[in-house]
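**Student:** Structure for this input, please:
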Amino acid sequence: MYTILDILDKLIAIKERTHSVYLRAIENENIVQSVKTIISVLGKEEQRQITHYKKMTLDLCEMEGLEVDFDAYDKISKTLLIFNNLEGDLRFLNPTDLLIYIMAFEKNYFALIVTIQGILVKTFEDEEKPPYQALRELISIESKHIEALEKFIK
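**Tutor:** Below you'll find the model as predicted:
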C-alpha cells in the first residue's frame, strides 16, 4: 500500500537533487562570483524547504488516512518520472540567465505539486484528507518561494 509519505519522499529527493546542483555550481570555477552568490542564497532556501518537508513527513507519520490508491500512485509516479527527466543545466555565467532558468524550474515544480494534488482528489471529501492537506501546504510554500523569486528578479 502506498501513502502520501512515499510521494513526499520523492518530492524531497527532487529538492535534495536541486540543492546538490546548487552546491556543485558554487564550486565551479567557471561561474562568476555574482552568480555564485545568487546560487548560495537559493541553496540555503532549498535546504530550509527540505527541512520543512522532512518535518512535515515526520508529523504525518502519526496520522491516519495517509493511503493513496494504486491507480493514483501509478499516475503520480509517471508524472514524477517525466518531471525528473526534464533536462536542466546550471552552466550559466550571468545572473539573468540563471534566474530565468531557476524561475522556470520552480514554476514547473509548483505545477508538479498541483498536478499530484489533482490526481489525488476524486471527491469533495478527499480535500479533507491528510494527503491533500499536505500537498496544499507544499503548494503554499512553493507559491511564496516563487513570489520571493519574482521580487528578487525585479
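**Student:** The top helix by length along the chain: which residues count as buried?
**Tutor:** Ranked by residue count and defined by DSSP state H, the top helix of the chain is helix 33-60. For helix 33-60, a neighbour-count test (16 or more other CB atoms under 10 Å) marks 35-36, 38-39, 42-43, 46, 49-50, 53, 56-57, 60 as buried. Quick note: C-beta positions are derived from backbone N, CA and C, even for glycine.
**Student:** now, among these, which is nearest to M103?
**Tutor:** Distance to M103 across those (CB to CB) is lowest for L42, with 10.6 Å.
**Student:** any weak-confidence spans in this protein?
**Tutor:** Counting by pLDDT under 70, the chain contains low-confidence residues at 87-93.
**Student:** Which residues are in contact with the nearest residue to S34 once chain neighbours are set aside?
**Tutor:** What sits nearest to S34 in space, not counting adjacent residues and going by CB to CB, 6 or more residues apart in numbering, is P95, at 5.4 Å. Contacts for P95 were tallied using CB atoms under 8 Å, 6 or more residues apart in numbering; they are S34, V35, I38.
**Student:** E45 too?
**Tutor:** H145, A148.
**Student:** Is it correct that I31 falls within a strand?
**Tutor:** No: applying DSSP: H, G, I helix; E, B strand; the rest coil, one finds I31 to be coil, outside a strand.
**Student:** wait, isn't it in contact with R24?
**Tutor:** No: with contact defined as CB atoms under 8 Å, I31 and R24 do not form a contacting pair (10.0 Å).
**Student:** quick one, which of these two is more surrounded?
**Tutor:** Counted by other CB atoms under 10 Å, I31 and R24 do not tie: I31 has more neighbours, with 20 against 12.
**Student:** Thanks a lot, catch you later.
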